[in-house]
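Q: just the structure for this:
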Amino acid sequence: MALNLARKYRPSTFADLVGQESVSKTLSLALDGSKLSHAYLFSGIRGSGKTSTARIFAKALLCENGPTSKPCQTCEQCVMANEGRHIDIIEMDAASNRGIEDIKDLIEHTKYKPSIGRFKVFIIDEVHMLTVQAFNALLKTLEEPPDFVKFILATTDPLKLPATILSRTQHFRFKKLPLKTVTSHLEYILDKEGVDYEINALEIIARSGQGSLRDSLTLLDQAIVYADGKVDTVTVTNMLGIVDPNSLSSLIDSILAKDKNAVLQFIEKYAQFEAEMIIDELTLFLQDELLNRKGRLTILVIDRFFRILADGKNLLSIGSNSEFVLTLTLFKMIEALNIHDIDAMINKLQNELSTVNTKTEPTKKSIETKPMQVEEPTPTYQQIEPKEIKEEINTETANVEEPTTPNISTTQKIDPTLLFKNLIEKIYDRNYELGEVFERNVSFISYENNTLVWESEAQGDDKKVLINGWNIIKLFVQEIFGVDTDIKPKKKLVTKKETPKEETNAPETIEPQHNATPQEIEQTNSCIMPEGKTEASIDKDPKELLNEPMIQEFIKCLKPKRVVVKQKS
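A: Residues are numbered from 1 along each chain as shown. Take a look at the predicted model:
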């Protein structure tokens, strides 16, 4: 009776296992060292060797020369195991026997000793298909089975197993077989079968198997029959209904050449093929280009092509017209080639920079011949050493940015009334209420020798508003008229004709002080500046500030190394 390749070449020893070296080595060492567990769990994709490994392990346990990692294959136990008629090896398909009654029968069998062998081995395939009740019934027996009972569970989906099952078994994970490993095994089988082949055809079969050796052997069986003597690339591609790799290579060449007519001819030729399959084949082709580093496509181009192909698959998943999506995808790949190489962009930028530097060299030389003289900025604070209690304090003004308006020399050439209107506008912009009160009560008189004189008739609430906004007014005056501008506000006196008869109070007068300057006397009379020597009216001398009793007590208590007096701008 003829057998298919998957059954004919099923491995019978651990050495025959394909691509699962770690699993076979661990089980072999456990058998040779007599370090056996009562329950094992094999998990992996279909066709990775789980059931074959379970049968080999069961035979190794029952071999008359064992337990051993190398069964003799000649004793009665090994012969019966190979023929699948060993009475003490019980295989159960959990997909068809998944209920609690089936598990009860299995548990009943565990109560009896093996008939002819050393152990009684239970192989439960597709164990994740058992019901919850069946799992719960199996827990106790799986945790503490008799010494002569061994459980081997196999599944393709270990995540569906309860944690209580996973914790009671040794878990072995079977890997997905690499493409080269599957291809080499297919070559080995065809050589033994005496069938001619092309290596590219076997790579296509191995890739279509998606890491499953059984699936690849099934396709190989089909290809041998379809090829009628030789397994070549054309036969395999026609059998599987996929695009010939040579045609894909020609398509990529047409895309690189931006030949849209050739692309349209390709679409027309393969119109009977599924667009999703063509996109998948193109993705695998790009992967091969990237790994083999053939140099035809750069990594940047491969990345762009892959993103376009992924977008095409997304469009197909929402039910778009397949032929239109394929056409759009291939044309987008052509447009993706309109990119600049990074090295070319860097060279272009360097050339532009060198050109700019060449043009600016004469300007730099002319500037170097006439160096600018920059005045050093004045310090913004003074340092005082409290230990020596020195009263030598530098009262220089803070270094401020030069105003954007014309300086002192230019302001004298401009009409001061225009500058005063500009002052009113700036106050309006900062504080509308303050600007309104300032315009209503303050009138311009003169501006000469860096001295601004205005007259104010503010009373009551207007006076309070002007006093509170004095810092803003002063700031804008220095910005417009110059930082060295002195302000001399004058209070408008009430004449006898304007004074009501009922009012008997005398006009307000100010007694000049011995040390007061005329500017200070006029400022104390102003309606804008606060009356008296308050913090809002005049700036205190740092020397006098340090002589304040509270400051002296503060220095005595804290004993600082230095005291810094910052002048408010």
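Q: next, the buried residues of stretch 179-186.
A: Of all the residues in stretch 179-186, those buried under the rule 16 or more other CB atoms under 10 Å are Thr181, Val182, Thr183, His185, Leu186. All C-beta atoms are positioned from the backbone trio N, CA, C, and that covers glycine.
Q: give me the contacts around the helix or strand containing the second one.
A: Element membership of Val182, judged by DSSP states H and E, is helix 179-193. Contacts made with helix 179-193 from outside it, assessed by CB atoms under 8 Å, 6 or more residues apart in numbering, are listed as 5, 9, 18-19, 196-197, 199, 202-203, 205-207, 209, 211, 213, 216-217, 220, 224, 231.
Q: go on, stretch 45-56?
A: Residues outside stretch 45-56 that contact it (CB under 8 Å, 6+ apart): 6, 10-14, 17-20, 23-24, 27, 40, 42-44, 71, 81, 89, 123, 125, 152, 154-156, 172, 174-177, 209, 211-216.
Q: ok, now with 6 Å
A: 10-11, 17, 20, 42, 44, 123, 125, 152, 154, 156, 174, 176, 212-215 (CB atoms under 6 Å, 6 or more residues apart in numbering).
Q: using CSV, write out the CA atom coordinates for stretch 201-215.
A: Coordinates of each C-alpha in stretch 201-215 appear next as CSV, following Å, rounded to 0.1, in the frame of the first residue of the first chain:
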residue,chain,number,x,y,z
ALA,A,201,10.5,25.1,-6.9
LEU,A,202,11.2,23.5,-3.5
GLU,A,203,11.7,27.0,-1.9
ILE,A,204,8.2,28.0,-3.2
ILE,A,205,6.7,24.8,-1.7
ALA,A,206,8.5,25.3,1.6
ARG,A,207,7.3,28.9,1.7
SER,A,208,3.8,27.9,1.0
GLY,A,209,4.0,25.4,3.8
GLN,A,210,4.5,28.4,6.2
GLY,A,211,6.8,26.5,8.6
SER,A,212,4.8,23.3,8.7
LEU,A,213,6.7,20.2,7.5
ARG,A,214,3.5,18.2,7.0
ASP,A,215,1.9,20.9,4.9
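Q: buried sites along that stretch?
A: Under the neighbour-count criterion of 16+ other CB under 10 Å, stretch 201-215 has 201-207, 209, 211-215 buried.
Q: for the stretch 301-450 of the chain, which segments count as strands?
A: Using DSSP state E, counting those that start in this stretch, the strands of the stretch 301-450 of the chain run over 381-384, 442-448.
Q: and those, which one averages the lowest pLDDT?
A: When the strands of the stretch 301-450 of the chain are ranked by mean pLDDT, strand 381-384 comes last with a mean of 43.
Q: what segments of the stretch 101-250 of the chain are strands?
A: 120-125, 149-155, 170-173, 196-197, 230-231.
Q: what would those look like in TSV with distance to Leu330?
A: Listed next are the strands of the stretch 101-250 of the chain as TSV, based on distance: least, CB to CB, whole Å:
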stretch	distance to Leu330
strand 120-125	45
strand 149-155	42
strand 170-173	40
strand 196-197	32
strand 230-231	30
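Q: so for Ile555, which of those strands sits nearest?
A: Ile555 sits nearest to strand 170-173 of all those, at 76.9 Å, using CB to CB.
Q: the buried residues of stretch 179-186 into TSV, with extra columns for distance to Ile302 and pLDDT?
A: Output for the buried residues of stretch 179-186, formatted as TSV (distance: CB to CB, whole Å; pLDDT from 0 to 100):
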residue	distance to Ile302	pLDDT
Thr181	25	92
Val182	25	93
Thr183	23	93
His185	30	93
Leu186	28	93
